[in-house]
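Enquirer: I would like to see how this sequence folds:
(chains A and B)
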Amino acid sequence: MNLKQLGMALLAGVLFGLGLGLSQMVDRDRVLGFLDVAGTWDPTLLFVLGGAVGVTIISFRFVLRLSHPLLSPSFYLPTAQQVDLPLILGATLFGVGWGIGGYCPGPGIVALVLGIWNPLLFLGAFIVGSLMGKAVLGQLQGKT
Amino acid sequence: MVEFNWVTALLGGVLIGISATLLLAFNGRIAGISGMVNGAITFKPQETWRWVFLFGMVLGGGLYEYALAPQPTPLSSFVPGAMILGGLLVGIGTRIGTGCTSGHGVCGLGRLSPRSLMAVITFLSTAMVTVFVIRHVVAI
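Expert: As a prediction, this is how the structure comes out:
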């Protein structure tokens, strides 16, 4: 990992954090307002995801046509193709947790800047959960 | 709650999309935040860039909140139980399901991945059902 790549990681991180701040995704009440389709529905998240995917769905066409990334010898892309049980089970649990806490990982991290306890507790539990998930995956892969 | 503003929502989303584009175009990496954390907490030297990205996120968020925001972000009430239970489930779920809103949503949909599309449909549905049950069935 050279200095240019680290600089690009920093720039991309700053833009990501700015985007989450500007779009108010660090406000968990707003995210829960989007998920609450039977309440006073808040469409903010739809526009955020739409804006982001609107960019990537076009830009990735061009980027993935490159023989290699501009600062790296190869692309690091997910290799799994199949829609399988772990994917659906994992996404289900993630959705339930998201609905309970109102944070997904990105906003949970950026919300640290607000100086409140919620994101700190969320992230601590997130890391514990992630390590539990890693152990479960290890068990499953050990059996097959 | 502050009124819904579709312009800042869309612009914020575009910034996230540009971030994901830069990271893929220059470093060949997917801007998935759950994967970012999972890689970072291995503390391997080759994963240092993930800490740099995460640091950048907090920097960008702080820059917005304290230098650019027209008004401070409203602070949600302290809900320790929801944070612990929600955090645990988000951690387990994103590890087993290999991604979250950014990895499957922003990047996976951008790659036209059928796996990611299924994941997005699944977690959006279960999140909406969960909020419905909490707010309108159990009515906490």
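
Enquirer: Contacts only, for B:T101.
Expert: The contact partners of B:T101, taken as CB atoms under 8 Å, 6 or more residues apart in numbering or on different chains, are A:L49, A:W98, A:C104, A:P105, A:G106, B:I33, B:V120, B:F123. Backbone N, C-alpha and C define where each C-beta goes, glycine included.

Enquirer: Now render those as JSON lines, adding secondary structure and neighbour count.
Expert: What follows is the contacts of B:T101, written out as JSON lines (DSSP: H, G, I helix; E, B strand; the rest coil; neighbours: other CB atoms under 10 Å in any protein chain shown):
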{"residue": "A:L49", "secondary structure": "helix", "neighbour count": "24"}
{"residue": "A:W98", "secondary structure": "helix", "neighbour count": "32"}
{"residue": "A:C104", "secondary structure": "coil", "neighbour count": "29"}
{"residue": "A:P105", "secondary structure": "helix", "neighbour count": "29"}
{"residue": "A:G106", "secondary structure": "helix", "neighbour count": "30"}
{"residue": "B:I33", "secondary structure": "helix", "neighbour count": "28"}
{"residue": "B:V120", "secondary structure": "helix", "neighbour count": "23"}
{"residue": "B:F123", "secondary structure": "helix", "neighbour count": "31"}
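
Enquirer: Low-confidence stretches in the chain?
Expert: Using chain A. Scanning chain A for pLDDT under 70 picks out A:143-144.

Enquirer: oops, chain B please
Expert: Along chain B, the model assigns pLDDT under 70 to residues B:1-2, B:140.

Enquirer: Apply 90 and report the result again.
Expert: B:1-4, B:139-140 (pLDDT under 90).

Enquirer: what secondary structure does the nearest residue to B:P114 once chain neighbours are set aside sit in?
Expert: In this structure, B:P114 finds its nearest non-sequential neighbour in A:V83, 6.4 Å apart by CB to CB, 6 or more residues apart in numbering or on different chains. Secondary structure for A:V83, judged by DSSP: H, G, I helix; E, B strand; the rest coil, is coil.

Enquirer: And for B:T73?
Expert: Secondary structure assignment for B:T73 (three-state DSSP): coil.

Enquirer: which stretches of the chain form strands?
Expert: Chain wasn't specified; assuming chain A. Counting by DSSP state E, chain A has no strands at all.

Enquirer: what's the single longest helix in it?
Expert: Of all the segments of type helix in chain A, defined by DSSP state H, the longest one is helix A:117-143.

Enquirer: quick one: B:A139 from chain A, how far?
Expert: Remark: distance between B:A139 and chain A (CB to the nearest CB, to the nearest Å) = 11 Å.

Enquirer: same question, B:G39
Expert: B:G39 is 10 Å from chain A, by CB to the nearest CB.

Enquirer: Quickly find the element holding that residue.
Expert: Using DSSP states H and E, B:G39 falls within helix B:33-40.

Enquirer: coming back round to it: so who does the residue nearest to B:P114 touch?
Expert: Contacts for A:V83 (CB under 8 Å, 6+ apart) come out as B:P114, B:R115, B:M118.

Enquirer: out of the residues you listed, which are inside helices?
Expert: Short answer: the contacts of A:V83 in helices (DSSP H) are B:P114, B:R115, B:M118.

Enquirer: Now the residue nearest to B:P114. Its backbone dihedrals?
Expert: The phi/psi pair for A:V83 (degrees, to the nearest 10) reads phi -80, psi 110.
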